[in-house]
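# no sequence on this one, just coordinates:
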DNA sequence: CACTCTTGGAGAAACGTATCTCCAGGGGCT
DNA sequence: AGCCCCTGGAGATACGTTTCTCCAAGAGTG
């Protein structure tokens, strides 16, 4: 077996120090070839169980860890997927819906890990060298703007891209989004049924899909039912501006008797503004806001919220992406006939496959005229309806 | 120049399809050698500017992107650092202080990107193959428990490890933490000055550094000033349990007249519990809780919070880690003589260098007997004192 | 016996880059 | 003229895997 032990003949004469054991060292120590070690460790090839376990034992003893870089280079798979948030302003992270993003990222990370992938967060505005230095098997993009050059380049170079938020003109492998129009219409209907006569909207100035579709749905509804739109806009990434806009909305001469706020902090801001103007919620003002935070279960009064179900979205997006990477449809419930990396899809085959995820309206006291309970109740866990 | 154009002689006879351009293609197209391309693009070697720019132009034209995997294999640097949260329970992510973690991770991501690194979130409980499949230049570990096998192995294999939270027995390259004892003592003093006679504590059952040090500081203070400890514990990762524990604390016969809650939701939970028992805040009950959320600026009344300054911690931790990776002390303000990867440090050289970061007490109405303003005030941005 | 499978495994070629070594040639200096 | 240094750049090797190809020897089969 001296031949086998000597087969790493390329190694220079200088003895290595305390470097990590490589596959060659394992092969030498086990008296087999590199091929055998690789096969034994990866469960491939045709080897008797005895050899397999012996090799594994030797590898364990030497503390062998395969080099991720070498494996990636050889196989073309890094096990890494990117999570990109397209930044609008100058801020490094412009999370219009912060809790939403946190939840979504958490779910995405979990889903990725569950399938053996790791997630790396990469704002689109990152230095180009960071983007170029990382081998990504695919990318999730949150709400890409039209003609995003980053997305286009990724797509062109064959990296699967799945977007959270229906993409405008970007070519993506697939996308997932809420049905924002349905959600807004549902809320408006809910408020109308609770007795609202004039519903106002607190919305954002940015042009992302969420803001745009929601606002359009509101305006469309107003046109349909014949109500004059009553809304205020503000830059959603600026928390201070939100409080001011909430105040502005309630200070209007045509003050609404119900408000839907598109962003997370709108609930507390509107509540504070209402308090300043002596408006009782829900008696004088019905309130709903879009939020993933459960602080609204314990405010006074508790506030009805719309959840965009970020966990479901994050999970779905990642699963779609990994399906595309692996060329498999693992049955995520999406009725996509073919979901392959872009190089396999004929150009002009129509829009990329998309999925609409449902939202959830969590009804609390702020949107019901008759407050369900005003008596002191025994302690109960928050989050309950 | 046919020799140069033909130097990729190893390429098989079959013509490649539409694969990405490699460095060889650029070399051939520019009529230079691979060496020259590499040097030109990386700003190394001695080349006239003319050659350099010509090569760059050709590379650009071909859409050349260097292979991250190959570069990593060659240089031993991946540009990736891990962010590990050690999980205590069965949950994939047990963030005892969720907003804290989110902020910290955000700052860490920014800091890393600013120095050309990307961050990968990897729970310690991830499948081993995920850990093994990723080339990490270093790792940030959040609050590692004593004898964490993961940290030990990382350290042994020469990967720099910097921990957020003073490590128990784990060998780490460096660590950063708040001065939890000083923070708690400061709060107790603050409450005492506001007139508290019996201060209670809402704390957790887990054994992480934060919980342990804070609780010990409280107990030590009680012993010193001769107050009987009044505290309740609950599993911090369970939000429902927090509300119950808050209620339990206020239901005690020896009900405290001031409470400090260690975790983010404690403020609202305690406020709700106080309301149930008819206790006015701050008149009957002084309240402080540790939180990074600014919802406490708009609660009724606003609640005094302790901020652990997660952004500073995240930034510092990442900078220390990258300093260690690059073998540089970039002047993060930490007085560490030597901060090198473990293989350069002699064993038994004493404890790893640590840094204590200050905390910040944001005083609001809930911890001041005389509420500063009870009149209706004009709208102002949240977050203001 | 002559052959075809099957088993167990070895050899070597990539993957794409960075970098060490070395070389040709020209100009300045003695 | 002879020598040295400097410039511009080419060649080759190594990074550590995975995997394709191929081979030897034994086992079955006609």
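All right, it came through fine. A quick note: this is a predicted structure, and the numbers were derived from the prediction, not measured.
# residues near the closest residue to DNA strand C within chain A, how many?
Taking CB to the nearest atom of the strand, DNA strand C has its nearest neighbour within chain A at residue A:33, 2.9 Å off. No exception for glycine: its C-beta is placed from N, CA and C like everyone else's. Residue A:33 is flanked by 14 other residues according to other CB atoms under 10 Å in any protein chain shown.
# helices along chain A, start to end?
Taking DSSP state H, the helices of chain A run over residues A:2-5, A:23-30, A:34-42, A:49-62, A:68-75, A:98-114, A:128-132, A:149-156, A:180-193, A:209-225, A:239-251, A:266-276, A:310-326.
# and the fourth one, what does it pack onto?
Other elements packing on helix A:49-62 under the criterion 3 or more CB pairs under 8 Å, 6 or more residues apart in numbering or on different chains; DSSP states H and E are helix A:23-30, helix A:34-42.
# buried set for it?
Residues of helix A:49-62 classed as buried under the neighbour-count rule (16 or more other CB atoms under 10 Å in any protein chain shown) are A:51-52, A:54-56, A:58-59, A:62.
# for that helix, what is the distance to the chain centroid?
Centre-to-centre, helix A:49-62 and its host chain are 41 Å apart (CA atoms, centre = their mean, to the nearest Å).
# quick one: average confidence on it?
Throughout helix A:49-62, pLDDT has a mean value of 95.
# check contacts around the closest residue to DNA strand D within chain A.
With CB to the nearest atom of the strand as the measure, residue A:23 is the residue of chain A nearest to DNA strand D, at 2.9 Å. Residue A:23 makes contact with A:34, A:37-38, A:64, A:66, according to CB atoms under 8 Å, 6 or more residues apart in numbering or on different chains.
# change it to 7 Å
A:34, A:37-38, A:66 (CB atoms under 7 Å, 6 or more residues apart in numbering or on different chains).
# for those residues, give me a markdown table that also has distance to residue B:246.
Formatted as a markdown table, the contacts of residue A:23 follow (distance: CB to CB, whole Å):
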| residue | distance to residue B:246 |
| --- | --- |
| A:34 | 61 |
| A:37 | 57 |
| A:38 | 57 |
| A:66 | 50 |
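# so which of these reach DNA strand D?
Near DNA strand D, taking CB under 7 Å from any atom of the strand as the test, the members of the contacts of residue A:23 found are A:34, A:38, A:66.
# run a quick neighbour tally on the first one.
In terms of burial, residue A:34 registers 16 neighbours under the definition other CB under 10 Å.
# so where's chain A uncertain?
A:1-19, A:87-97, A:328-351, A:370-385 (pLDDT under 70).
# what about 50?
A:1-17, A:90, A:92, A:96, A:330-348, A:371-385 (pLDDT under 50).
# tell me the residues of it that contact DNA strand D?
A:10-12, A:19-20, A:22-24, A:34-35, A:38-39, A:41-42, A:44, A:64-67, A:70-71, A:73-75.
# what residues does chain A put near DNA strand C?
With the criterion set to CB under 7 Å from any atom of the strand, chain A comes near DNA strand C through A:3-4, A:7, A:31-36, A:45-48, A:51, A:70, A:73-74.
# give me the buried subset of these.
Going by neighbour count (16+ other CB under 10 Å), those have A:32, A:34, A:36, A:47, A:51, A:70, A:73 buried.
# who are the contact partners of the second one?
I take that to be residue A:34. A:23-24, A:27.
# which of the residues of chain A next to DNA strand D are buried, as a ChimeraX select command?
In ChimeraX, a selection of the buried entries from the residues of chain A next to DNA strand D looks like this (16+ other CB under 10 Å):
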select /A:22,23,34,38,39,41,64,66,67,70,71,73
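# buried sites along stretch A:269-279?
A:269-274, A:276, A:279.
# closest one to residue A:318 out of the residues you listed, please.
residue A:269 (32.5 Å; CB to CB).
# which residues touch the closest one?
Taking CB under 7 Å, 6+ apart, we find residue A:269 in contact with A:242-243, A:246.
# try 10 Å this time
Contact analysis of residue A:269 by CB atoms under 10 Å, 6 or more residues apart in numbering or on different chains lists A:202, A:234, A:239-247, A:249, A:261, A:263, A:289, B:298, B:379, B:381-382.
# what subset of these is buried?
A:202, A:234, A:239-247, A:249, A:261, A:263, A:289, B:298, B:379, B:382.
# farthest pair within the contacts of residue A:23?
Using CB to CB for every pair in these, the one that comes out farthest apart is A:34 and A:66, at 11.8 Å.
# which neighbours do these two share?
With CB under 10 Å, 6+ apart, residue A:34 and residue A:66 have common neighbours A:22-23, A:26.
# before we move on, the earlier item: any idea how far the residue of chain A closest to DNA strand D is from residue B:82?
Plainly put, residue A:23 is 23 Å away from residue B:82 if you go by CB to CB, to the nearest Å.
# same thing with residue A:117?
14 Å.
# equivalent analysis for residue A:41, please.
Residue A:41 is 23 Å from residue B:82, by CB to CB.
# one more: residue A:303?
Counting by CB to CB - residue A:303 and residue B:82 are separated by 38 Å.
# of the two, which one has the most company?
For residue A:303 versus residue B:82, the count of surrounding residues by other CB under 10 Å is larger for residue A:303: 28 against 22.
# isn't that one up against residue A:368?
No. With contact defined as CB atoms under 10 Å, residue A:303 does not count as touching residue A:368 (11.2 Å).
# now the common contact residues for those two.
In contact with both residue A:303 and residue A:368: residue A:282, using CB under 10 Å, 6+ apart.
# what is the burial count for the residue nearest to residue A:54 when sequence neighbours are not counted?
In space, and not counting its chain neighbours, residue A:54 is closest to residue A:30: 6.2 Å by CB to CB, 6 or more residues apart in numbering or on different chains. Here the number of neighbours of residue A:30 (other CB under 10 Å) works out to 22.
# repeat for residue A:194
Residue A:194: 18 neighbours (other CB under 10 Å).
# contacts only, for it.
Counting by CB under 10 Å, 6+ apart, residue A:194 has contacts A:258, A:282, A:286, A:288, A:304, A:363, A:366-370.
# gap between it and residue A:188?
11 Å.
# overlap in contacts of these two?
Counting by CB under 10 Å, 6+ apart, the residues touching both residue A:194 and residue A:188 are A:258, A:288.
# contacting residues around the residue lying closest to residue A:73 once chain neighbours are set aside?
Excluding its sequence neighbours, the residue lying closest to residue A:73 (CB to CB, 6+ apart) is residue B:69, at 4.1 Å. Counting by CB under 10 Å, 6+ apart, residue B:69 touches A:68-78, A:134-135, B:78, B:135.
# and which of those residues is nearest to residue A:224?
residue A:134 (48.1 Å).
# neighbours around the closest one, how many?
22.
# residue A:257 now?
Applying other CB under 10 Å, I find that residue A:257 has 18 neighbouring residues.
# so how far is chain B from it?
Residue A:257 sits 20 Å away from chain B, going by CB to the nearest CB, to the nearest Å.
# wait, residue A:368 sits on residue A:195?
Yes. Using CB under 10 Å, residue A:368 makes contact with residue A:195 at a distance of 9.3 Å.
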